[in-house]
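>>> This is a predicted model, with the sequence first.
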Amino acid sequence: MLAEPGPACGRFAPSPTGPLHFGSLIAALGSFLEARAQHGQWRVRIEDVDVPRTAPGAADAILRTLESYGLLWDGDVWFQSQRTERYQAALEALSRAGRLYPCTCTRRELAGCQRGADGSPLYPGNCRAGPRQPGRPHAFRLQVGDACLTFQDAVQGERHQRLASAVGDFVLRRADGWFTYQLAVVVDDADQGVTEIIRGADLLDSTPRQLYLQRLLGLPTPRYGHLPIAVDARGDKLSKQTHAPPLDDQNPGPALWQALRFLGQCPPDDLLKAPPAEILDWALTHWRLNRVRAIVAHAAK
Ligand SMILES: [Zn+2]
């Protein structure tokens with residue numbers, strides 16, 4: 001007998017490196033609507049696993065912005081910085097399975113390497129047979145072998161990635177002791193019961209690594225959909241680095257309305273100045289992920 005599918009659960013997982021901007025609103029809104037339109041839960045997780053990069057006060061500011069935009073989450077907010085025991089347990093499981101090796105290569109030593117899908121060095125395997133510099137602090141890398149991952153993205157369509165040529169053996173714990181995003185996100189999504197991951201297409205290249213980790217750790221694989229990325233007038237992705245202006249907590253209506261337009265939904269003009277709850281009510285009734293898919297398909301032509 002087939003088990004009943006569990007209730008949908010989506011999530012928004014910002015890094016607390018600065019205030020939310022229009023690009024973050026698109027990911028928050030898309031994940032919120034996709035989960036809530038299925039009467040599912042929507043969770044918020046602060047991805048502060050890279051503690052040295054976090055900005056003081058940014059997490060609080062992010063949560064205040066979500067509240068003022070009417071994007072109210074279920075349950076407690078999770079903080080990755082409080083979950084290192086879970087990441088350590090996953091690391092140990094992979095180590096017992098013989099999938100990890102210590103790597104002593106420094107960033108500088110890898111600077112001349114070919115670049116992978118996400119622009120970081122494609123690891124040439126220097127330490128696969130044993131650390132090059134025993135005694136140095138070491139990272140832990142995951143052997144990817146010849147794994148080729150295929151998945152059906154709910155927005156972007158079918159995607160493939162051969163890990164060895166796209167990203168290489170990747171780091172799960174850095175030499176300074178911090179766990180990496182790829183490991184933390186997989187453990188957290190499973191522990192939070194997340195079934196729907198709707199996020200920006202800048203993470204599309206990370207998804208196969210996450211699928212691979214889920215497979216090795218025996219975790220369920222959620223459904224993925226990667227939304228188009230908002231860019232500025234120069235064509236650069238909106239981000240703190242490109243000085244994207246922060247969202248206005250005092251006047252959320254126009255940005256919410258614009259974010260719906262960006263996602264291919266067609267909010268009526270008279271909603272432009274409506275309170276966020278009214279805009280979200282409309283959006284929940286009319287939300288169609290298909291419309292985002294149509295924009296992506298059109299742009300690819
Ligand atoms: Zn190495």
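Done, it's in. Numbers count the residues shown, from 1 in each chain.
>>> need the residues of the protein near the ion, please.
Neighbours of the ion within the chain, by CB under 5 Å from the ion: C103, C105, N126, C127. In this view, the C-beta of every residue, glycine as well, is placed from N, C-alpha and C.
>>> Among those, name the ones in helices.
Among the residues of the chain next to the ion, no member falls in helices (DSSP state H).
>>> Which element, helix or strand, includes A283?
Using DSSP states H and E, A283 falls within helix 276-286.
>>> Can you name the secondary structure element that comes next after that helix?
helix 289-300.
>>> got the contact list for that following helix?
30, 34, 154-157, 198, 225, 227-228, 263-265 (CB atoms under 8 Å, 6 or more residues apart in numbering).
>>> C-alpha coordinates for that helix, PDB please?
Taking Å, rounded to 0.1, in the frame of the first residue of the first chain, the C-alpha atoms of helix 289-300 are listed here in PDB:
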ATOM      1  CA  LEU A 289       4.300  28.000 -10.600                       C
ATOM      2  CA  ASN A 290       3.700  27.200 -14.300                       C
ATOM      3  CA  ARG A 291       3.800  30.900 -15.100                       C
ATOM      4  CA  VAL A 292       7.400  31.100 -13.700                       C
ATOM      5  CA  ARG A 293       8.300  28.100 -15.800                       C
ATOM      6  CA  ALA A 294       6.800  29.800 -18.900                       C
ATOM      7  CA  ILE A 295       9.100  32.900 -18.300                       C
ATOM      8  CA  VAL A 296      12.100  30.700 -18.000                       C
ATOM      9  CA  ALA A 297      11.200  28.700 -21.100                       C
ATOM     10  CA  HIS A 298      10.600  31.900 -23.100                       C
ATOM     11  CA  ALA A 299      13.900  33.400 -22.000                       C
ATOM     12  CA  ALA A 300      15.800  30.300 -23.100                       C
END
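>>> Among the residues of the chain next to the ion, which one has the most neighbours?
Within these, neighbour counts (other CB atoms under 10 Å) peak at C103, which reaches 24 neighbours.
>>> Isn't that one up against C127?
Yes: look at C103 against C127 with CB atoms under 8 Å: they come within range, at 4.2 Å.
>>> Now list whatever residues contact both of those two.
With CB under 8 Å, 6+ apart, C103 and C127 have common neighbours H138, R141.
>>> can you count the residues close to N251?
So N251, with other CB under 10 Å, has 10 neighbours.
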